[in-house]
Every structure is written in structure tokens, then in C-alpha cells.
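Student: Mind folding the following:
(one chain, ligands or ions: 1)
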Amino acid sequence: MHPALPTIRTTCPYCGVGCGVLATPNASGGLNIAGDPQHPANLGRLCVKGSALGETLDRRGRLLTPRIHGRPARWNEALDLVAKRFSDTIAEHGPDSVAFYVSGQLLTEDYYVANKLMKGFIGSANIDTNSRLCMASSVAGHRRAFGSDTVPGLYEDLEQADLIVLTGSNLAWCHPVLYQRIAAAKEARPEMRVVVIDPRRTATCDIADLHLALAPGSDAVLFNALLAEIAARNAVDENFILNLNGLEEAVQAASQVQTAATGLSGDDIRRFLDLWIGTERVVTVYSQGINQSESGSDKVNAILNCHLATGRIGRAGMGPFSVTGQPNAMGGREVGGLANMLACHLDIENPVHRNAVQDFWQAPKMPEKPGLKAVDMFRAVEDGRIKALWIICTNPVVSMPEADRVARAIANCDFVVVSDMMAQTDTTRLAHVLLPATGWAEKDGTVTNSERRISRQRRTLPSVGQARDDWRILADVAARMGWSERFAWTTPAEIFAEHAALSGVAGNLGSDFDISDHAGITAEAYDRLEPFLWPQSARKRGGRFFAEGRFHHPDGKARMIAVTPRAPQPTSAEHSYRLNTGRVRDHWHTMTRTGISPRLSRHLAEPFLEIHPRDAETLGLTAAGLARVSNPHGASILRVLVTDRVAMGQPFAPIHWTGETAPSGRIDVLVPAVTDPVSGQPASKSATVAIAPFRPA
Ligand code: SF4
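Tutor: Sure, this is the predicted structure:
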């Protein structure tokens, strides 16, 4: 009989809920998976994606060796080539001629090393991340309102609230364990109310007391109407508003809105305003439906304004709550993995902050300006300003807006390196150098979830082939570029200790992100590290922020932003449908992992177009037939699903399918590369399209 192998506590690598996982190696070399009852995020629960983690560890399809121009190569040869081509490009064209495009799937330690190499040693801020596509508008909204990118609340607020408003969030499918927590709380306390604001009738509506199927893109109108009503009913918190700037201007702007733009009935709007204003403990949860918009930052601030005006922030059961898409979007924010941020929530354009980080890293140079954000980065690849590009742990040829254009830009770039665990993705096939990276079960590190909780991800299986950890690959290239002393870690624990020490420097400069209690953590303590909330330092302990009314702007006050809602890009006679994009329950991103599990494909097996019955009739579409969806950026062929869950003129299609799994099912080829001017986040939530029946020749 096979001896029992020890169970290892680790963290799910999919969404930003950050569930704890118990992984037990089994006799067939895989893992048995269960929820960790001791992890505060999930208390033993897992969703179907997390439960199926053991089915996604197949070594088929893995990238097993480095490759140069498609031929297998030795690690030394590949690393030498990457270092030489980056060094030569920088020497000839300057540091801003190179770029890293990274991922919210990376562990914090990987992310830290990539950011340190680009910002501190190469001397450019051209490092951006697929998290730009997910939560950059929330970051921008937080920074405008609070003076820092600080999430005020905790998951337990979702159970303590009397009213939960979910806007732009299909939590039931995209953050299922948080949805389960709310559903359980609502069952235990039937007086709890849930409002879902979403143009679609999603699975999340199953627990809604009120579903507001508002017109796409009109969220800021609705929250402005709420702010105006708060002011009209004298429901502002007279004490808390002493901590605010901009109340009058924000209310003035809010009072201009015409609620007809929401498409909602007066009765429904009234019910929503009465519920929100009449309930002290209210949490407003928001996600991609808010963030992925050409005015995403304004939408975020329209929500924050309502919580600030009423002082409903940072106390038990109340506050605005941005739920992040990826498992380590928050960790990326902490290490400064966005092109406009510096490590530990410091400001790249602040010379005091810059000098502090430069001194700490003993770095030769630091960029003084933000680098290129994702869409601009690929534009710079397209026009030749970026001549060497390293893509790490992400698949932009599927996920970026105007994806076909991004593919052409990468194909024409002088030098492209891709680090990935999979051999064949739409992006890896365009690489000059391919570097095999370890996958979820094979690497050690930390991730931070949506409530600022840092958890260990632990190695549970041996690496596959010659795969190496991302931090090690980056450090090996840095050493070959001449910086071996500053990248000389031997374990992720040492990187985490350095990151924690830097956070102490940041804490001295006023940053909320301070985990300096862990500076100098030993390998043994890192192994044992329990999930914890930041901040964690001698100065502050994790908990809710801002209840006492102190913010991070120089005067200590929060800023309310005057929001003038903007309508989304108009439809036209030719492209008369507004396509709504989103996720399905059982797949993750571009399906490189979830696509391996047959169980996960059973729920929804192929790319599809949800369309209203009357639209289907007008267009001559039949259920289960095929539709061609197109606009000037590209075209997709999708299976027709006729349903009244979507409104007329507003079909829906999921984002996951790739050129590999369904050559015609890519959705981001249709999404225009329009961005929010404040955050740089693309408006990936919608595209205007033409639809016609498709009959294969
Ligand atoms: Fe993983 Fe998110 Fe599901 Fe939790 S809710 S098991 S983190 S995918």
C-alpha cells in the first residue's frame, strides 16, 4: 500500500478570492484537492474551478525545454541570448526601447524581481501587466479619492452588511466563493437585502431582491442620482464630511444627471435609492462591469462618493469593495507592477519616494516618469519604439483588445521572449525565445487576495521538464546583464524578506502597505507563514481602513470627484449591436489550464453568443446555429444561444476561447483599444458589432 503523503496548505491560482487549498499528493503522481477549512477567505469552500485543480496538472502540452526560433536549446544558451539582446537594444536605443508585459498570475516574488529589474536596473518604467485589463480603474479611483490604493474593507463585511449592492459583477460565476458566503449570510439573516445592477440577468440575480437591468455604461448616472438624493434628503454624515474635500462640486455635478439614461423605471430607481439611503450597513461590490470602461475611473469614484458622503466606509458591514479578477492582482499593486506605480504603493513621480527605493535597491538609475500602459505598450511595439519585448505568464494575443492587431505587432517586433508553462498558445508561437516556467503546483511564493490577505502558495509537485521559476529566470538574466549582486537570492523567502524590508521604508514615507514585521523572515518562518492581512508592522495591524476619517492626501482628507457621466461608444446603423463580454463559470482566462479538464468544459463546451429572441428572429438566427459577429477590428463565429437573459440589442459572448481551442471564437479581436483616460484600462466590456447568420461553405 502507498504510504500516506502529507497534505500541503496552498492557495488557488484562479480568481482574486484567494481560497485556501489542501493539496495531497496521490499515488498516481497527482494531487487530491480540498478546501482549507482554516483559510479565512473560504473556510473550506471551493468552487468548481478550484475543486478541479487536480485535473489541470497534466504534463501534456507543457513547454519542457527552452527554445530558440523553435529549436530546443540549453538554458545557458537561451539566457545568454536574452541578456545580450536586451543589453544591446538598451545600449543602442536606450532603456525605453525594451518592455516587460507581465501578469496578475505571477507570484509576488516573481513580480517583485521583474519590477526591480526593469525600474531599478534597466532604468525604464516600461513594465505593465494584464492586471491593467482588470482593475486599473479601481486603483485610479482609490488614489484619486483616498490618496492611496487602499482597499478599505474585509470579506467579513459582506456577511455583516444589511444591504449588498453588486454592480458590474457576476459574482456567482466570477468570484463564486464570495457569492456562496453572501448567499449563506442571506439565508441566515433573511432581512439582508441584495441588489444586482447588471444589464444581463446573470446567475448572481438568483439571490437578488432587486435586479436593476440598467442600460450598458450608465452606472455613473445611477450612482450620481444616488449622491444627489443623499444630499437632497440631508443624509450626508455631518461629522464625516469634515474629512472630505469636493463634496459640493460632486453633488453639483451629480444633480445634473438625467436618470432616463439608465433605462430604468422611476419605481425601480426609487426602490434602490430608498434601500441604499435607508440602510446604514451597506457594501457596494464592483468589478469588471465598472472597471472595463472608457470612463471606468469616474464610475469607481461615483461609487466611492456615495460611501464617503455618508461616512459608510471602513466600519463593520459597510464600504465600497473592488473585487479583483486575478489571484495576485493585489500583489502586483504592492510591488509596483503597473507602469505608473513604484514598489510598495510609492509614487514614481515623487522624487523622495524614487530616491528611497533607489537607495534601498542600490540601483543605478530610476525612471522619473510612468512607463507605457498595456494598450500603449503594444502600440509602441507596433510602431517600432519597443524593439525587445518579454511577455511573462500571459497570453495577450487572445486577451488584449484589437487582439489581431496585437498579434501582428508582436510578430513584427525585433526580439520577443515569452516565458510560459505551456508550449502552444497564441502568444508563444510568436516568440523568438521561449522559456519554460513552473506551474501552480511547482512553485513557492505568496499571493494577495481582494481583501489584502497575503497567503502562501506552496510547492506540492516536482517541476516538469526543465521548467524554472519565473523569479529565477529573471534573476539569471539580470545577472548576465551585469547585476548579479543585487539579484543573488537563492529562495523566494529571501525575496519576500527584501520586499517586506522595502515596505518598512515605504511605511516611513506614509504608505499603507507595510509588512515590515516580515523583514528578515527566515526560510522556516516563511514555510510556516499563515495567511495575514496587511498592514502588518509595529505601526499598524491589518483591519479596515478609513473609519476614523484619515486619508493619504497631503491634507489628510479624502477627495470626492465631480463625475460627469459619459455614454459608451455609440452603435451605428452598420454595427447596431452592443456586444457585452464576460466570463463563464468554469473556465479561466484563455483556458490554458481549465481547458485541460473535461469536467470544466462540460458546463459550457464552446464559444457562444447569447441573444434575445426578437433579435434572433430579426437576424434569421436559429438556436444552436452559427452567427458571424464582426466589426472593422475582426470577426468571430459563435454558437447561437437564444435567451431573454439579455436585453434586445445587447448580446453577450464569453472571452475565454482562443485560436487554439476554437479558431473563430476569439472575442477580444472585436474589442476596440479604447481606454479610460485616467487609468489606461481598456473598455473591454463591450464592442459595437454587426451580426449575421453563418453557414459554413
Ligand atoms: Fe479558486 Fe476563486 Fe474558486 Fe476560490 S472562488 S476556488 S479562488 S476560482
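
Student: who's in contact with the closest residue to residue 213 other than its chain neighbours?
Tutor: Counting by Cβ to Cβ, 6 or more residues apart in numbering, residue 199 is the residue found nearest to residue 213 once chain neighbours are left out, at 5.6 Å. C-beta here means a position set from N, CA and C on the backbone, and glycine is covered the same way. Residues near residue 199 by Cβ atoms under 8 Å, 6 or more residues apart in numbering: 213, 214, 215, 216, 580, 646, 647, 650.

Student: my guess is residue 355 is in a helix, correct?
Tutor: Yes. Counting by DSSP: H, G, I helix; E, B strand; the rest coil, residue 355 is located in a helix.

Student: related to what we said a few turns ago, and of the contacts of residue 199, the nearest to residue 547?
Tutor: Taking Cβ to Cβ as the measure, residue 547 lies nearest residue 214 of the contacts of residue 199, at 30.3 Å.

Student: is it true that that closest one touches residue 225?
Tutor: No. Here residue 214 does not reach residue 225: they are 10.9 Å apart, not a contact under Cβ atoms under 8 Å.

Student: which residues are in contact with both of the two?
Tutor: Between them, residue 214 and residue 225 have residue 262 as joint contacts when contacts are counted by Cβ under 8 Å, 6+ apart.

Student: how about the contacts of residue 199 in a markdown table, adding distance to residue 672?
Tutor: Written out in a markdown table, the entries for those read as follows (distance: Cβ to Cβ, whole Å):
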| residue | distance to residue 672 |
| --- | --- |
| 213 | 24 |
| 214 | 22 |
| 215 | 19 |
| 216 | 15 |
| 580 | 14 |
| 646 | 21 |
| 647 | 21 |
| 650 | 17 |
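
Student: Tell me the one of the residues you listed nearest the ligand?
Tutor: Top of the list for closeness to the ligand, among those and by Cβ to the nearest ligand atom, is residue 580 at 21.8 Å.

Student: Residue ranges in the chain under the pLDDT threshold?
Tutor: Counting by pLDDT under 70, the chain shows low-confidence ranges at 1-4, 659-663.

Student: give me every residue that touches the closest residue to the ligand within the chain.
Tutor: Taking Cβ to the nearest ligand atom, the ligand has its nearest neighbour within the chain at residue 50, 2.4 Å off. Contact criterion Cβ under 8 Å, 6+ apart gives 12, 14, 19, 21, 33, 35, 177 as the residues in contact with residue 50.

Student: secondary structure class for the residue nearest to residue 213?
Tutor: Using three-state DSSP, the structure places residue 199 in coil.

Student: Count the residues that sit near residue 555.
Tutor: Neighbour count of residue 555, defined by other Cβ atoms under 10 Å: 10.

Student: in the protein, which helix has the most residues?
Tutor: Among the elements of the chain assigned as helix by DSSP state H, the one spanning the most residues is helix 75-93.

Student: Show me how far it is from its chain's centre.
Tutor: Helix 75-93 has its C-alpha centroid displaced from the chain centroid by 30 Å (Cα atoms, centre = their mean, to the nearest Å).
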